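1. this one's sequence-less:
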């Protein structure tokens, strides 16, 4: 599943495979913006069946690929 | 008596906060005293300005709407829109009343901010994020005194979790310390700095003339910042003493490198509310339904919708509508530059070009405030 998340992020951020390091701050590096966050939510829901609450998630909680993957795992295990 | 204005108000505020402080230090829950505190202050302020009946009607209207909506079995999007429209009726009545040449209008202090609270609850109910409502918690959230007149804008679930937490003495002492600091800091900004700017800079300016307008632009920007940030700080400080951590509203806005950055630093609780409940919802819906052919069209239209909402929420006057449209344009330009001008990111991040961007953004925003102030009309 981690691979799928990375693939989704690569697609949204316009990055090559392996370009996104797990601890890279996507917002600070300008790779992810408000639109990208919505795209991410849509893809996570459609491809992985995971629904994250965009209204309560802070940017700090989904700033890096590692944090996003962690959040998705947490949601899936609930 | 207007909130956070005048020695009498602060005297009463101080007196009424004392039982809260004792309660908090004794590690007892603050919910019930907090509700009493809100009721007393609302009673004082709204009976003095003759709007107590209007407040009561507003409260019953919104509470009934929320509970009724919760009970509806099949919560379709149409029903949500209807519920939101009904929730907006008091706000619309007040704002339209402000521009009509009628003597007897429906007025209600804080209607703009309280409406955000009920609309947000309705949306959360529709989304299935709120499956039950407690009358006490919801009432407290809807009427919460410190932020009733000018925000910051909070969210029900976050507020509710603060309400029902029992802070330890150490935790409460920290909140008390922060609360007192915020109150004093806010008072300094609001009464000293913004007051000085008003009396020494803005008031003596002639009403017409280009140079006066330019001076007014700068002065008004600083005046509004110190006034609003100070007020927000006092509201947040009071809330801390009541055990509630309201969201921050300002974060060094004059250091913004572009307009998107700006809206993450100025009236933050408003922009995040609009981002979460207008922009993101519209974009998500558009993406899921594949509404537009262009990849980012939804984003542009989302920004226009969001900023126009921001404008009209202030009021249906030319100044506010133009202000919304102006910011809609700026956000679209920002988005276009982010997407299509490769050097833009580096320019915003490094050296002298960053300084220039800060200065440019400041001026863009200031000009917007000049529109907002109504001076150009």
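-> Done, it's in. Predicted model only: the values in this text are computed from it and were never measured.
2. In contact with residue B:213: list those residues for me.
-> B:370, B:375, B:376 (Cβ atoms under 8 Å, 6 or more residues apart in numbering or on different chains). Where you see a C-beta, it was placed from the backbone N, CA and C, and this is true even at glycine.
3. likewise residue B:17?
-> B:37, B:238, B:241, B:242.
4. Any chance of CSV for those residues, columns pLDDT and secondary structure?
-> Shown next, in CSV, are the contacts of residue B:17 (pLDDT from 0 to 100; DSSP: H, G, I helix; E, B strand; the rest coil):
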residue, pLDDT, secondary structure
B:37, 96, helix
B:238, 97, helix
B:241, 97, helix
B:242, 96, coil
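5. Show me which of the residues you listed are buried.
-> Buried by 16 or more other Cβ atoms under 10 Å in any protein chain shown: B:37, B:238, B:241, B:242, out of the contacts of residue B:17.
6. any idea how far the residue nearest to the second one when sequence neighbours are not counted is from chain A?
-> Residue nearest to residue B:238 in three dimensions, not counting chain neighbours: residue B:146, with 4.0 Å by Cβ to Cβ, 6 or more residues apart in numbering or on different chains. Residue B:146 sits 22 Å away from chain A, going by Cβ to the nearest Cβ, to the nearest Å.
7. Can you give me the neighbour number for residue B:128?
-> The number of residues packed near residue B:128 is 9, by other Cβ atoms under 10 Å in any protein chain shown.
8. Are we agreed that it is in a helix?
-> No - counting by DSSP: H, G, I helix; E, B strand; the rest coil, residue B:128 is not part of a helix but coil.
9. any idea how far the spatially most central residue of chain A is from residue A:11?
-> Note on chain A: the residue nearest the mean C-alpha position is residue A:68, at 4.6 Å, using Cα atoms, centre = their mean. Note on residue A:68: its distance to residue A:11, by Cβ to Cβ, to the nearest Å, is 13 Å.
10. can you check residue B:139 too?
-> Taken as Cβ to Cβ, the span from residue B:139 to residue A:11 is 46 Å.
11. In terms of neighbours, single out the busier of the two.
-> Using other Cβ under 10 Å as the criterion, residue B:139 and residue A:11 rank with residue B:139 on top: 17 against 12.
12. mind listing what the more buried one touches?
-> Contacts of residue B:139 (Cβ under 8 Å, 6+ apart): B:35, B:59, B:63.
13. Which secondary structure element is home to it?
-> helix B:135-143 (DSSP states H and E).
14. so what secondary structure elements neighbour the helix or strand just after that helix?
-> Sequence-wise, the next helix or strand downstream of helix B:135-143 (DSSP H and E) is helix B:156-163. Identification of packing neighbours for helix B:156-163 by 3 or more Cβ pairs under 8 Å, 6 or more residues apart in numbering or on different chains; DSSP states H and E yields helix B:111-126, helix B:135-143.
15. What's the mean pLDDT across helix B:156-163?
-> Averaging pLDDT along helix B:156-163 yields 94.
16. Packing partners of the helix ranked longest in chain A?
-> Counting residues, the longest helix in chain A under DSSP state H turns out to be helix A:34-48. Secondary-structure packing of helix A:34-48 (3+ Cβ pairs under 8 Å, 6+ apart): helix A:2-13, helix A:65-77, helix B:280-289, helix B:297-314.
17. any idea which helix or strand comes after the last one?
-> As assigned by DSSP H and E, the chain's next helix or strand after helix B:297-314 is helix B:318-340.
18. Tell me, how many residues neighbour the closest residue to residue A:41 other than its chain neighbours?
-> On the basis of Cβ to Cβ, 6+ apart, the spatially nearest residue to residue A:41 that is not a chain neighbour turns out to be residue A:54, at 5.4 Å. Per other Cβ under 10 Å, the neighbour tally for residue A:54 reads 19.
19. if I pick the residue lying closest to residue B:361 once chain neighbours are set aside, what's in contact with it?
-> Of all residues not flanking residue B:361 in the chain, residue B:256 sits nearest, at 4.8 Å (Cβ to Cβ, 6+ apart). Residue B:256 makes contacts with B:262, B:265, B:266, B:358, B:361, B:362, B:365, as judged by Cβ under 8 Å, 6+ apart.
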